[in-house]
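Chemist: Give me a 3D structure for the following:
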Amino acid sequence: MDFEAVCKSVMDIDPKIRFAGMINDKGRLIAGGMKEDRKPLEDARDDEMLFMELVLRTKMRREFDQQLGKVKFAMSYREKAIVMSFPLDEYVMLISAEKGLDFADVAFKIIKILGT
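Modeler: Sure thing, here's the model as predicted:
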C-alpha cells in the first residue's frame, strides 16, 4: 500500500482535516503529516509521545477483538480538535481535524479508502 497516496486521499476528503499520517508499530510517523497551511497544536516532542501512546492504546484494544470484533476506528472529541485512529495491521492511521467535521461521514470514507 502506498501510504503517502493514502494520506493524501484522506486529506482530500474534507478541508477540516489538518493531519493525516501513518504511524508504525514503534510510534514513528512514516508517511503523511500536517497540511502545509496549518500550524500544529503541539510541538514535535509532543507528537512523538502522542504517536507512541496511540500505538500502545491500539495494541491494548486488540485484547477484546475475539469478543467484540476488530476495532475499525477510535475517536477523541477534544476541546480544540477531533482525533481519529484507524488500525491497519502493524500500522495506525492518525487523523486530526478541526471541530465541526462530520466525523461519522469522514470516518466511513476513510475506512473505505483503507479497505478495512
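
Chemist: mind checking which helix or strand of this protein has the lowest mean pLDDT?
Modeler: helix 44-61 (a mean of 86; mean pLDDT, DSSP states H and E).

Chemist: counting contacts, what elements does that one pack onto?
Modeler: strand 17-23, strand 74-77, strand 82-88, strand 91-97 (3 or more Cβ pairs under 8 Å, 6 or more residues apart in numbering; DSSP states H and E). Glycine gets a C-beta too; all of them are placed from N, C-alpha and C.

Chemist: Name the helix or strand for Ala107, please.
Modeler: Here Ala107 sits within helix 103-114, counting by DSSP states H and E.

Chemist: And that helix, what does it pack against?
Modeler: Here helix 103-114 is seen to pack against helix 3-11, strand 74-77, strand 82-88, strand 91-97 when contacts are counted using 3+ Cβ pairs under 8 Å, 6+ apart.

Chemist: List just the one of the ones you listed that sits closest to Lys35.
Modeler: helix 3-11 (6.3 Å; Cβ to Cβ).

Chemist: Can you tell me what sits against that closest one?
Modeler: Identification of contacts with helix 3-11 by Cβ atoms under 8 Å, 6 or more residues apart in numbering yields 17, 20-22, 30-33, 35, 91, 93, 95, 110, 113-114.

Chemist: can you put the helices and strands packed on helix 44-61 in a markdown table and add mean neighbour count, mean pLDDT and distance to Val6?
Modeler: Output for the helices and strands packed on helix 44-61, formatted as a markdown table (neighbours: other Cβ atoms under 10 Å; pLDDT from 0 to 100; distance: least, Cβ to Cβ, whole Å):
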| stretch | mean neighbour count | mean pLDDT | distance to Val6 |
| --- | --- | --- | --- |
| strand 17-23 | 23 | 96 | 7 |
| strand 74-77 | 13 | 94 | 18 |
| strand 82-88 | 21 | 96 | 9 |
| strand 91-97 | 23 | 96 | 7 |
